[in-house]
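*Asks:* following is a predicted model, sequence given first.
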Amino acid sequence: MIIVDGSIVTIAIPVLAQAFQIGTSQANLIIGIYLIIISALLLPFGQLGNRFGRTRLFQIGMIVFLVGSWFAGAAQQLLIILLARGCQAIGASMVMANSYAIVTDLFPPTELGRAFGVESIFISIGGLAGPGLGGLLIHYWGWRYIFWCNLPIGIICVGLAWWLFNQPHQVTSTGPFDWGGLFLLLAMATSFYSMSSLMMNRPQLAGSLLGIFIIGFALFWQHEQRVAVPLLNVSLLKEPVLRLPTLAAFFSFIAAYFFTLLAPIYLQLVVALPSQLTGLILMIAPIIAIFANPLAGILTDHFSRINVMRSGMLILVIAGAGLLTLNGNHEPWAVLGWSGLSAIGTALFSTANNTFIMSSATAEQRGMIGAITSLVREFGLVLGTSLVGLTFYGKLSLLKGTLVANAINQPRPALVDAQHFAYALALVLLLIAFRYIKQLERK
């Protein structure tokens, strides 16, 4: 539900703008507030999970998410839906910050890879279902049901969680809460999202916001080294066994969103396929991932996790190089082949990477490290989205000699050229990730 809610609203922005009689830029706040609050609260809820019990926070988070879903669907004013989306994001943060740690707590090391492989299935399903499900719900029932669809599933999930998670709540952290760190995280998340939204239209203001983000990050880093009970134990990131796989995951998440955002433009504007066929083609990679993730989990449990990680990243690099060959010919087979190969590489790398990171953590560290893992994914999403827009539309603007913010009606060769430029950056990011894995092998 949480993965779906990160993308299901995107397709409803024009409808929501009309419903609340606002511009689409204001309606985008409905997406933005969700991303900002999740990014800011993952680390705090990772620490609170250590204090009050991870499964307890997980259960409460689901209830909070459902309350937010109800009020978002019932909202009559923009302010109400923004508050409701904030409530959804708070609940989502509670769940995401503790899910990896709960899996690590419950499964023995010999089964951990398969456990994370199964969990990854639902991440893939969420990525598949979001836009398509949103379109169906809006068409047949209206925009309110993109939020209310969470309620029946969520009530079943809450009941199952209270029944299954009946072990005692373990407390592994005490001491004063890091309110200063929380404030700095909120400031960083707000400035970064605002910067990414204004990058193309108001570059000077975006540059100022980037400066605020960098200053906030520096202050946060220094603060976390001084506080008694930090939200982020900086010393952990100095350990290669955590730093290197986390950085590899971060760069791979950024690169992953290049194809996600550029493929629809390529298939519809360059290849000239209808939107229905485009949607079917883009469903193939998540479907492959549904089967590849559990198989990756089995391999992770039976072979060296670093070797599985390296193999997955090598496949991603090959697929990334293949995307540079897309020119409108041999379609849809070229897109199907390279995206399917990428799904296999992602399954191998991500499953082995999550297993390696979480199995290296002590019980006291799992809440924080699990929250870091989720934060890396969310931050990679936002940063990847920003870099795609900057490189793709920046290249189009250079080719045309004026600012271009819309791919429609652009010349086909220019679209292919801009796409190659963006995919070249994505390939560089994957090569950096591969280098981090090679460094990890030598440790």
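*Replies:* Cool, the structure landed. Numbering: from 1, shown residues only.
*Asks:* ok, Ile408 - how many residues close by?
*Replies:* Residues near Ile408, counting by other CB atoms under 10 Å, number 7. (Each C-beta comes from the backbone N, C-alpha and C, glycine too.)
*Asks:* and it, helix, strand or coil?
*Replies:* For Ile408, the assignment made with DSSP: H, G, I helix; E, B strand; the rest coil gives coil.
*Asks:* how about it, phi and psi?
*Replies:* Main-chain dihedrals, Ile408, degrees, to the nearest 10: phi -70, psi 140.
*Asks:* how about it, what does it touch?
*Replies:* Leu269 (CB atoms under 8 Å, 6 or more residues apart in numbering).
*Asks:* how close does it sit to Ile265?
*Replies:* 9 Å (CB to CB, to the nearest Å).
*Asks:* buried residues, stretch 63-78. List them.
*Replies:* Residues of stretch 63-78 classed as buried: 63-73, 75, 78 (neighbour count, 16 or more other CB atoms under 10 Å).
*Asks:* show me which of those residues is closest to Leu415.
*Replies:* Leu78 (34.8 Å; CB to CB).
*Asks:* scan the protein for its longest helix.
*Replies:* helix 366-400 (DSSP state H).
*Asks:* got the angle between the next helix or strand after it and helix 366-400?
*Replies:* Next along the chain after helix 366-400, taking DSSP states H and E as the criterion, comes helix 412-441. If you take axes from the mean of the first three to the mean of the last three CA atoms, to 10 degrees, helix 412-441 sits at 150 degrees to helix 366-400.
*Asks:* please name every helix or strand in contact with helix 412-441.
*Replies:* helix 240-265, helix 305-323, helix 366-400 (3 or more CB pairs under 8 Å, 6 or more residues apart in numbering; DSSP states H and E).
*Asks:* who touches the second one?
*Replies:* The contact list for helix 305-323 (CB under 8 Å, 6+ apart) reads 113, 245, 248, 252, 255, 259, 296, 299-300, 334, 337-339, 341-342, 344-353, 355-356, 359, 423, 426-427, 430-431, 433-434, 437-438, 440-441.
*Asks:* ChimeraX command for the buried members of the residues you listed?
*Replies:* Command for ChimeraX, covering only those of the contacts of helix 305-323 found buried under the criterion 16+ other CB under 10 Å:
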select :113,245,248,252,255,259,296,299,300,334,338,339,341,342,344,345,346,347,348,349,350,351,352,353,355,356,359,423,426,427,430,431,433,434,437,440
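*Asks:* rebuild the buried residues of stretch 63-78 as a markdown table, extending it with pLDDT and distance to Ile138.
*Replies:* As requested, these are exported to a markdown table (pLDDT from 0 to 100; distance: CB to CB, whole Å):
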| residue | pLDDT | distance to Ile138 |
| --- | --- | --- |
| Ile63 | 93 | 26 |
| Val64 | 95 | 25 |
| Phe65 | 94 | 21 |
| Leu66 | 94 | 21 |
| Val67 | 94 | 22 |
| Gly68 | 94 | 19 |
| Ser69 | 92 | 16 |
| Trp70 | 93 | 18 |
| Phe71 | 93 | 19 |
| Ala72 | 89 | 14 |
| Gly73 | 88 | 12 |
| Ala75 | 86 | 15 |
| Leu78 | 84 | 18 |
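*Asks:* from the residues you listed, which two are the most distant?
*Replies:* Checking the buried residues of stretch 63-78 with CB to CB, the most distant pair is Ile63 and Leu78, at 24.9 Å.
*Asks:* Gly142: which element?
*Replies:* Assessed by DSSP H and E, Gly142 sits outside every helix and strand.
*Asks:* same question, the one 10 residues further on
*Replies:* Under the criterion of DSSP H and E, Pro152 resides in helix 150-164.
*Asks:* what's in contact with that helix?
*Replies:* 1, 5, 55, 58-59, 62-63, 65-66, 69-70.
*Asks:* what's the closest of these to Met368?
*Replies:* Nearest member of the contacts of helix 150-164 to Met368, counting by CB to CB, is Phe58, at 15.6 Å.
*Asks:* just to check, the closest one is in contact with Ile102?
*Replies:* Yes: the criterion here is CB atoms under 8 Å, and Phe58 meets it with Ile102 at 6.2 Å.
*Asks:* what about Ser386, how many residues close to it?
*Replies:* With other CB under 10 Å as criterion, Ser386 counts 20.
*Asks:* the one 3 residues further on now?
*Replies:* Burial of Gly389, expressed as a neighbour count using other CB under 10 Å, amounts to 17.
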